[in-house]
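Below: sequence and its predicted model.
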Amino acid sequence: MYQRIVHTIHSVMPEGADITEYGEGHRDWIFSVFWLLGNDPIRPNKRSRTILIQIDHAVIDDIREADPDHITLHLEHYLRQKLAQFNPDHAALRHQIPPVDEWTLLTEHLM
């Protein structure tokens, strides 16, 4: 199930997104996602707001026995919906860390 979730996150996020996984082998699964905005000629490497996608161990237990295709479909829908409402731009200065948005997946998002 973990690899399907990883694949789905990669397929939904913008092209070129940097996705770091803190998951397999851990109690909770966490994915950190950002990309270069390309909207500021003075800061060509300005990163987007960071998205932390979190899946709690209780949710992981709930979905282990579920139909993987069903979970993938619901995850993709959830991520696309969140991205549609997400504004990746921010006003953090060059020396500041971009803001972080936490997206916590619950069982009802995936089932």
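Noted; the coordinates are in hand. Residues are numbered from 1 along each chain as shown.

Which secondary structure state is assigned to the residue of the chain most remote from its centre?
Within the chain, the residue lying farthest from the chain centre (CA atoms, centre = their mean) is residue 42, at 27.3 Å. Secondary structure, DSSP: H, G, I helix; E, B strand; the rest coil: residue 42 is coil.

Make 641 the starting number, not 1.
Right, with 641 as the first residue, what we last looked at is residue 682.

Quick check: which helices or strands does the longest helix along the chain pack against?
Using DSSP state H, we find that the single longest helix of the chain is helix 708-725. Secondary-structure packing of helix 708-725 (3 or more CB pairs under 8 Å, 6 or more residues apart in numbering; DSSP states H and E): helix 642-652, strand 740-745, helix 747-750. C-beta coordinates here come from the backbone N, C-alpha and C atoms, glycine included.

Give me the buried positions along that helix.
Applying a neighbour-count criterion of 16 or more other CB atoms under 10 Å, one finds 711-712, 714-715, 718-719, 722 buried in helix 708-725.

who's residue 687 bridged to?
With DSSP bridges applied, residue 687 shows beta-bridge pairing to residue 676.

what sits against it?
The contact partners of residue 687, by CB atoms under 8 Å, 6 or more residues apart in numbering, come to 674-677, 738.

do the same with residue 700
The contact partners of residue 700, by CB under 8 Å, 6+ apart, come to 641, 668-669.

can you tell me which helix or strand it belongs to?
Here residue 700 sits within helix 697-703, counting by DSSP states H and E.

And that helix, what's buried?
The neighbour-count check on helix 697-703 (16+ other CB under 10 Å) flags 699-700, 702-703 as buried.

what's the most distant pair in those residues?
In these, two members sit farther apart than any others by CB to CB. They are 700 and 702, at 7.3 Å.

hmm, back to that, export the contacts of residue 700 as CSV, with columns for distance to residue 742.
Formatted as CSV, those follow (distance: CB to CB, whole Å):
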residue, distance to residue 742
641, 22
668, 12
669, 13
